[in-house]
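Participant: Prediction below, plus the sequence it came from.
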Amino acid sequence: MGQVGIIAPLPTRAFLLSLLLLSGARAAELRIYYTAIQKVLAREVFTQDGRRYVRGSRADKCNFAYLEHPELRGDNGRLSLKARFTGRSALDVFGRCIGLGDSFDVYITAVPYYHNQSIGLQDVRVEGRAPRGEPRTGYYVRRVCAALGDSLRKQFDYRVGDQARRILEQTAPEAAYRQELLDFSVPGIQVTPDALVVTVDFRLAVK
């Protein structure tokens, strides 16, 4: 796979690029570095003073749960996210919280896969650990890890096909042609130590 540089006005450059896409190999490789993903997480997910509330909010004193300080990397072919979990599941009794609560590191690993125009997560594993890395056990920790794993399996759904259509069908307002995405698939997703490598396959028509 090579790179082609074209010096031309924007509409012409876009048109020539479309022709190159049509005449060249259909498969393209996207290498998304974890440093870039972490910036997106900080900007769009961990938005409440660096926290992501998974239950309740900052205003809830006795019934809340949040993650903070996310660290994303690749580990033996799996996505690995380390974050700090803090939570309580208690009742407010005369200003005192009576019930369960804890704070510990959670390690979430999963395998990304492509289905129905989306990227999802499968084989999700969640475990709690103490600051020195030893496993954390106990009823509350087990409940938290099970809930996080179930939530990620069911709710993580990145509509990569829709994103590709919006990007690839975009043309300049003054263009005398339009682009149409005919087919799109993701034949391969590879987790490397420093980046997520996504292979995309598509057909683009210029009309």
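Facilitator: Done, it's in.

Participant: so where's the protein uncertain?
Facilitator: Where the chain drops to pLDDT under 70, the residues are 1-26.

Participant: Check which element follows the longest strand anywhere in it along the chain.
Facilitator: Ranked by residue count, the top strand of the chain under DSSP state E comes out as strand 96-115. Going down the chain from strand 96-115, the next helix or strand is strand 118-129, by DSSP states H and E.

Participant: So what touches that next one?
Facilitator: Strand 118-129 is contacted from outside by 78-79, 85, 104-114, 135-137, 141, 144-146, 148-149, 152-153, 156-161, 186, 189, 198, using CB atoms under 8 Å, 6 or more residues apart in numbering. C-beta: built from backbone N, CA, C; applies to glycine.

Participant: Buried ones among those residues?
Facilitator: Applying 16 or more other CB atoms under 10 Å to these, the neighbour count classes 78-79, 85, 104-110, 112, 114, 136, 141, 144-145, 148-149, 152, 160-161, 186, 189, 198 as buried.

Participant: Okay, and residue 165 sits in which element?
Facilitator: helix 160-168.

Participant: Please point out which parts of that helix sit buried.
Facilitator: 160-161, 164-165, 168.

Participant: which other helices and strands contact the longest helix anywhere in the chain?
Facilitator: As assigned by DSSP state H, the longest helix anywhere in the chain is helix 139-155. If contacts are counted by 3 or more CB pairs under 8 Å, 6 or more residues apart in numbering; DSSP states H and E, helix 139-155 sits against strand 51-55, strand 78-93, strand 96-115, strand 118-129.

Participant: what's the third one packed up against?
Facilitator: Translated: strand 96-115. Strand 96-115 packs on strand 78-93, strand 118-129, helix 139-155, strand 179-191, going by 3+ CB pairs under 8 Å, 6+ apart.

Participant: quick one: strands adjacent to the last one?
Facilitator: It refers to strand 179-191. If you go by DSSP bridges, strand 179-191 pairs up with strand 195-206 (antiparallel).

Participant: Contacts made by the strand it pairs with with the rest, please.
Facilitator: Residues outside strand 195-206 that contact it (CB under 8 Å, 6+ apart): 15, 18-19, 21-22, 26-34, 37, 74, 79, 112, 119, 160, 164, 168, 177-191.

Participant: Buried among those? Need that as a selection in ChimeraX.
Facilitator: Applying 16+ other CB under 10 Å to the contacts of strand 195-206, the buried members can be selected in ChimeraX as follows:
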select :15,18,21,34,37,74,79,112,119,160,164,168,179,181,184,185,186,189,191
